[in-house]
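Student: My questions are about this predicted structure, shown below with the sequence.
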Amino acid sequence: MHDVKIFDTTLRDGQQGKGISFTVEDKIKIAKLLDANGVSYIEGGWPGASPKVEAFFKEIKNVELKNAKMVAFGSTRRASNSAEEDVFLNKIVQSGAPVACIFGKSWDLHVHEALKISLEENLDVIESSIAYLKKSGLEVFFDAEHFFDGYKRNPEYAIKCLQAAEAGGAEVLVLCDTNGGTMPFEVSEIIEAIKPQLSTALGIHAHNDCELAVANSLTAVKHGAVQVQGTINGFGERCGNANLCSIIPSLKLKMGADIVSDEQLQALSSLSHHVYEIANLSPIDSQAYVGKNAFAHKGGVHVSAILKNPETYEHIRPELVGNKQEVTISDQSGLSNLIYKAEKFGIEIDPKDPKLKSLVQRTKELEKMGFTFEEGEASFELLMRRKLGLFDRSFELLGFRVIDEKRGHDEEVIVEATVKVDVNGTIYHTAAEGEGPVDALNKALRKVLEVHFPQLSSTFLTDYKVRVLNSEKGTSSNVRVLIETTDGKKTWGTLGVSANLIEATWKALIDAIEYKILKG
Ligand SMILES: CC(=O)SCCNC(=O)CCNC(=O)[C@H](O)C(C)(C)COP(=O)(O)OP(=O)(O)OC[C@H]1O[C@@H](n2cnc3c(N)ncnc32)[C@H](O)[C@@H]1OP(=O)(O)O
Ligand SMILES: CC(=O)C(=O)O
């Protein structure tokens, strides 16, 4: 495989995605991560477009980058002025970035409709803009905007635009699928058709409007492209840009391109999550390679096979990209799912133990009632231990009562819970007020339990979700309550199902507490 360079545009095109806005500090953090992860070029933004971009370029000069070069983005010059006079081209030069990437028109429609200049004038605009940046000492890439659409309408003119960029001295001619509507077979055909007419290296910049940006990028590389532009997690305008979190492992593991080291590849999942966190977005669990579910197995047939050999249902070992294998428990589980989980929980089992078969059945019955153990794994571990005779309750409930009292439209609700429990033969009766019924119950219960089990004092609820299961029954529907609890180090999920919201909550709460007591 020929040499391929990764060009990241998360900080420029990625930020053109709706809902994504990075501060200068965010951009510095991301640039450092990209550099550490082996990216060759980092496009920092369009100097002159916003003061934030200029502040970024000023700030990034103080950061020592080990792998990557900074790139300043912009457009070809305005037709009404020379390149030397062009405000934006001069902003690129002043940014201090050693590399410039400018976009220019290669679709005649855009020249006529958007720029409103002649086709000849546009060729001069492209060549003179690039020549000026080259003369200013920069490495220059030309983003041929709408190249594939332009080529399909007027191939001669689209090629002339690339040749004008070549004449100006561009180091790489980047073919842009700006509207994201090109098919991979078109990318193959068009690249093969233009190659003989050019002597400059090609790059690819694909958008994801047909969910093909990654496929188009890899196809372009297969046909000789030496630069792939994309963004972390595929952030970008409309449906996003080509996702580098898929392109990097595909290039390295499937196409043999030596673009990042093994260690950098292992940091990919973490890079993806960091960038989501900085962008204040929730990660997409089903994301290829780096998503939480990318190697999660649910069907019993799959789990049975991966226990024998993971290659049966995994296209790569998850550790190569810093991800991990997971097995979930559901109504589609078989004995193999349970065996896998038992090992994970540290429970020694005899696979022939008939209790396991009855646990598979019980799991399916509970799932039918509305339990989803995929999210309530701690509840499943307790169920498994109970079924195998490996778990005794730490306390017995003798009763609880929750009172909600409201005495007028504008009055606050007063909530009080009383709890009666037996701990090691001693009976306790406690009461507490709370912000709501869950809070009051939790407080009343903890008054007793934290005395006997001090480890509980470090635990608190981080999430509480309620889902109505059979909504056609209206207010008498079953509800599922999912609780997430943490002790600061570990987080675990528990659940309860009932037609009564308080009862469903109680079950989830008790499992959360029992789980912590069990784990010490
Ligand atoms: C495919 C891409 O993603 S390209 C990058 C797109 N990103 C952005 O646009 C984000 C940053 N942009 C901006 O902040 C602003 O658009 C600016 C500062 C660049 C320009 O702002 P304004 O001068 O107010 O112009 P406005 O945004 O209304 O229109 C864009 C202008 O650029 C011109 N233009 C578009 N492409 C090019 C090009 N390749 N070369 C030269 N001029 C171009 C348009 O014809 C239009 O000019 P006009 O005002 O004479 O009609
Ligand atoms: C240049 C660019 O961002 C595009 O054509 O999509």
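Tutor: In hand now; what should we look at? Ligands and ions are numbered 1, 2, ... in the order given.
Student: Kindly state the domain boundaries assigned to this structure.
Tutor: With domains defined by automatic domain parsing, the chain comprises 5-256, 395-452.
Student: Nearest to ligand 2, out of those?
Tutor: With CB to the nearest ligand atom, the closest approach to ligand 2 among the domains of the chain belongs to domain 5-256: 3.3 Å. All C-beta spots, glycine's among them, are computed from the backbone N, C-alpha and C.
Student: Name the residues of the protein found near ligand 1, please.
Tutor: Counting by CB under 6 Å from any ligand atom, the chain comes close to ligand 1 at 13, 16, 46, 49, 75-76, 78, 103-105, 114-115, 145, 178.
Student: Could you rerun that using 8 Å?
Tutor: 12-13, 16, 46, 48-50, 73-80, 88, 102-105, 110, 114-116, 125, 129, 143, 145, 176, 178, 237 (CB under 8 Å from any ligand atom).
Student: Which of the domains of the chain has the highest mean neighbour count?
Tutor: domain 5-256 (a mean of 21; mean count of other CB atoms under 10 Å).
Student: Run the chain-centre distance for that one.
Tutor: For domain 5-256, the separation from the chain centroid amounts to 23 Å (computed by CA atoms, centre = their mean, to the nearest Å).
Student: mind saving the C-alpha coords of stretch 182-190 as CSV?
Tutor: What follows is stretch 182-190, C-alpha atoms only, in CSV (Å, rounded to 0.1, in the frame of the first residue of the first chain):
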residue,chain,number,x,y,z
THR,A,182,-21.5,10.3,-5.2
MET,A,183,-21.5,6.4,-5.3
PRO,A,184,-18.3,4.4,-4.7
PHE,A,185,-18.3,3.0,-8.3
GLU,A,186,-18.4,6.6,-9.6
VAL,A,187,-15.4,7.5,-7.5
SER,A,188,-13.5,4.6,-9.0
GLU,A,189,-14.5,5.5,-12.6
ILE,A,190,-13.8,9.2,-12.3
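Student: Is ligand 2 within reach of that stretch?
Tutor: No: Stretch 182-190 lies apart from ligand 2 when judged by CB under 8 Å from any ligand atom; the minimum separation is 11.7 Å.
Student: contacting residues around that stretch?
Tutor: Residues outside stretch 182-190 that contact it (CB atoms under 8 Å, 6 or more residues apart in numbering): 148-149, 151-152, 175, 177, 204, 206, 210, 212, 215-216, 219-220, 222-223.
Student: Quick one: mean pLDDT over it.
Tutor: Summarised as a single mean, pLDDT over stretch 182-190 is 98.
Student: And for stretch 157-164?
Tutor: 98.
Student: Then stretch 96-116?
Tutor: pLDDT averaged over stretch 96-116 gives 98.
Student: Next, see if that stretch gets close to ligand 2.
Tutor: Yes: Stretch 96-116 comes into contact with ligand 2 (CB under 8 Å from any ligand atom), by way of 101, 103.
Student: Ends of that stretch, what's the gap?
Tutor: 32 Å (CA to CA, to the nearest Å).
Student: Show residues contacting whichever strand or helix holds residue 218.
Tutor: Residue 218 belongs to helix 213-222 when assigned by DSSP states H and E. Here helix 213-222 makes contact (CB under 8 Å, 6+ apart) with 4, 175, 177, 180, 182-184, 187-188, 191, 202-204, 206-208, 225, 228, 230, 234, 240-243, 246-247, 250-251, 255, 257.
Student: out of these, which are inside helices?
Tutor: Mapping those onto helices (DSSP state H) picks out 184, 187-188, 191, 246-247.
Student: Any chance of the domains of the chain in a markdown table with distance to residue 475 as columns?
Tutor: Output for the domains of the chain, formatted as a markdown table (distance: least, CB to CB, whole Å):
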| stretch | distance to residue 475 |
| --- | --- |
| domain 5-256 | 36 |
| domain 395-452 | 16 |
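Student: from the stretch 301-450 of the chain, which residue is nearest to ligand 1?
Tutor: residue 321 (28.6 Å).
Student: Could you check how far that residue is from residue 492?
Tutor: 26 Å (CB to CB, to the nearest Å).
Student: now, the most widely separated pair of the contacts of stretch 182-190?
Tutor: Greatest spatial distance in the contacts of stretch 182-190: 149 and 222, 21.3 Å, computed using CB to CB.
Student: returning to that earlier point: in contact with the residue of the stretch 301-450 of the chain closest to ligand 1, which residues?
Tutor: Residue 321 sits next to 249, 265-266, 268-269, 289-290 when contact means CB under 8 Å, 6+ apart.
Student: again, but for residue 514
Tutor: Counting by CB under 8 Å, 6+ apart, residue 514 touches 382, 393-394.
Student: Helices - which of those residues land there?
Tutor: Per DSSP H, the contacts of residue 514 map to helices at residue 382.
Student: between the contacts of residue 514, which is nearest ligand 2?
Tutor: Taking the contacts of residue 514 together and measuring to ligand 2 by CB to the nearest ligand atom, the closest member is residue 382, at 52.0 Å.
Student: Who are the contact partners of that closest one?
Tutor: By CB under 8 Å, 6+ apart, the neighbours of residue 382 are 391, 511, 514-515, 518.
Student: Max pairwise distance over these: which two?
Tutor: Largest pairwise distance in the contacts of residue 382, by CB to CB, is 11.1 Å, between 391 and 511.
Student: Comparing the two, which residue is more hemmed in?
Tutor: Legend: neighbour count by other CB atoms under 10 Å for residue 391 and residue 511, higher for residue 511 (24 against 16).
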